[in-house]
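> no FASTA, just this:
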């Protein structure tokens, strides 16, 4: 019984060592190195995206705080950013014709 236990333990240790060795050998192949680099770049991209989202959220919060401060000190209401980009269109009468150049 004791020998059977040690045989099983040896087989398990050998299988574990073989799997680890093959994984290490695969990580040193060009495909394995490329996969490691791709995973690293994917994690870097995700981190940069999260950082950008946090910066944008902080900018929105700070802009709101500054808008409240300016409105409180001046007593007026600041126009929204979207209002600055809206162009006023001249009213056109129905049935009106365009002028010719030189008239």
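Received the coordinates, thanks. On a predicted model such as this, the values are computed, not experimentally measured, just so you know.
> center of this structure, which residue is that?
The centroid of the chain falls nearest to residue 49 when counting by CA atoms, centre = their mean (2.2 Å).
> what's the weakest-modelled helix or strand in this protein?
In the chain, no helix or strand scores lower on mean pLDDT, DSSP states H and E than helix 81-84, which sits at a mean of 70.
> packing partners for the helix or strand containing residue 47?
Applying DSSP states H and E as the criterion places residue 47 in helix 30-74. If contacts are counted by 3 or more CB pairs under 8 Å, 6 or more residues apart in numbering; DSSP states H and E, helix 30-74 sits against helix 2-27. (Each C-beta comes from the backbone N, C-alpha and C, glycine too.)
> what's the angle from the helix holding residue 47 to helix 2-27?
Interaxial angle of helix 30-74 relative to helix 2-27 (axes from the mean of the first three to the mean of the last three CA atoms, to 10 degrees): 70 degrees.
> so how far is residue 27 from the residue nearest to the centre of the chain?
27 Å (CB to CB, to the nearest Å).
> and what of residue 36?
Counting by CB to CB, the gap from residue 36 to residue 27 is 7 Å.
> can you check residue 19 too?
Plainly put, residue 19 is 13 Å away from residue 27 if you go by CB to CB.
> try residue 62
Counting by CB to CB, the gap from residue 62 to residue 27 is 45 Å.
> ok, back up a step: for the least confident helix or strand of the chain, buried residues please.
Buried residues in helix 81-84, defined by neighbour count with 16 or more other CB atoms under 10 Å: none.
> kindly report the same for stretch 41-60.
Quick answer for stretch 41-60: no buried residues (16+ other CB under 10 Å).
> per-residue confidence averaged over it?
Mean per-residue pLDDT for stretch 41-60: 96.
> which residues are contacting it?
Identification of contacts with stretch 41-60 by CB atoms under 8 Å, 6 or more residues apart in numbering yields no residue at all.
> for that stretch, what is the distance to the chain centroid?
Its chain's average C-alpha position is 5 Å from that of stretch 41-60, according to CA atoms, centre = their mean, to the nearest Å.
> equivalent analysis for stretch 12-20, please.
Distance of stretch 12-20 from the chain centroid (CA atoms, centre = their mean) equals 40 Å.
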